[in-house]
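Asks: Following is a predicted model, sequence given first.
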Amino acid sequence: MLKNIQEWTLLLSIFGIVALLGNWIGYNVLPLDALLGMIVLVLICLAGLIIQKIMPGNIPSVAYVAIVGILVSMPWMPGSAKVVEWTTSVNLLALATPILAYAGIAIGRSWTDFVKLGWRSIVVAVCVLLGTFIGSALIAEVVLRMQGII
């Protein structure tokens with residue numbers, strides 16, 4: 001369990017540093033201004049991961065992370081005002097970038113599994129992505145025209 005906690009702490013720290021840099025570059029929020037918020041978010045994630053290992057059952061750790069995050073930000077919880085104040089300086093998209101990069105690396109490590117799927121899966125993936133893009137563009141076009149923005 002201690003080895004898991006050390007690995008999680010290292011991974012979450014790297015994630016936090018990358019997110020702070022993304023927050024700075026993308027949203028002009030200085031890393032020192034968002035540092036306390038990032039530390040709080042990392043601790044919430046770490047607490048959720050630990051609780052998932054301790055609790056019986058097979059509930060995903062993301063559920064425990066969400067529960068811990070909700071609980072520490074509830075108005076009746078001592079210190080919740082500071083938690084909310086600190087975490088508001090961390091932008092959501094700055095958090096999404098390292099998560100997506102990590103997912104890409106994880107997928108990239110299993111190219112042998114991807115190759116086993118064959119060329120047909122690539123065609124299906126391209127069609128799904130293209131359909132999603134065109135569908136989103138059409139919906140955006142219709143909504144923006146209805147609102148008179150374009």
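Replies: Nice, thanks for sending it over. Numbers count the residues shown, from 1 in each chain.
Asks: Find the nearest non-adjacent residue to Pro60, please.
Replies: In space, not counting the residues next to it along the chain, Pro60 is nearest to Gln52; the distance is 7.2 Å by Cβ to Cβ, 6 or more residues apart in numbering. C-beta: built from backbone N, CA, C; applies to glycine.
Asks: confidence score at the one you found?
Replies: Gln52 is assigned 93 on the pLDDT scale.
Asks: Just give me the longest helix of the protein.
Replies: If each helix of the chain is counted by residues according to DSSP state H, the longest one is helix 119-147.
Asks: ok, back up a step: which helices and strands does the helix or strand the residue nearest to Pro60 falls within pack with?
Replies: Assigned by DSSP states H and E, Gln52 falls within helix 31-54. Counting contacts by 3 or more Cβ pairs under 8 Å, 6 or more residues apart in numbering; DSSP states H and E, helix 31-54 is packed against helix 2-27, helix 61-73, helix 80-87.
Asks: for it, which positions count as buried?
Replies: Using 16 or more other Cβ atoms under 10 Å as the test for burial, helix 31-54 gives 34, 36-38, 40-42, 44-52.
Asks: So what touches that helix?
Replies: If you take Cβ atoms under 8 Å, 6 or more residues apart in numbering as the criterion, helix 31-54 is touched by 1, 4-5, 8-9, 12-13, 15-16, 19-21, 23-24, 59-69, 72, 83, 86-90, 95.
Asks: again, only this time at 6 Å
Replies: Contacts to helix 31-54, defined as Cβ atoms under 6 Å, 6 or more residues apart in numbering, come from residues 8, 12, 16, 20, 23-24, 61, 64-65, 68-69, 83, 86-87, 89-90.
Asks: quick one: which two of the residues you listed are the most distant?
Replies: Using Cβ to Cβ, those span at most 29.5 Å, a distance reached by Trp24 and Tyr64.
Asks: and these two? which has more neighbours close in?
Replies: A direct count of neighbours by other Cβ atoms under 10 Å for Trp24 and Tyr64 places Tyr64 higher, at 21 against 16.
Asks: tell me the contacts of that one?
Replies: 48, 51-52.
Asks: Would you convert those residues into CSV that also reports distance to Ser121?
Replies: CSV is the format used below for the contacts of Tyr64 (distance: Cβ to Cβ, whole Å):
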residue, distance to Ser121
Gly48, 33
Ile51, 37
Gln52, 32
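Asks: just curious, which of those is nearest to Gln147?
Replies: Gln147 lies nearest to Gly48 out of these, by Cβ to Cβ, at 39.5 Å.
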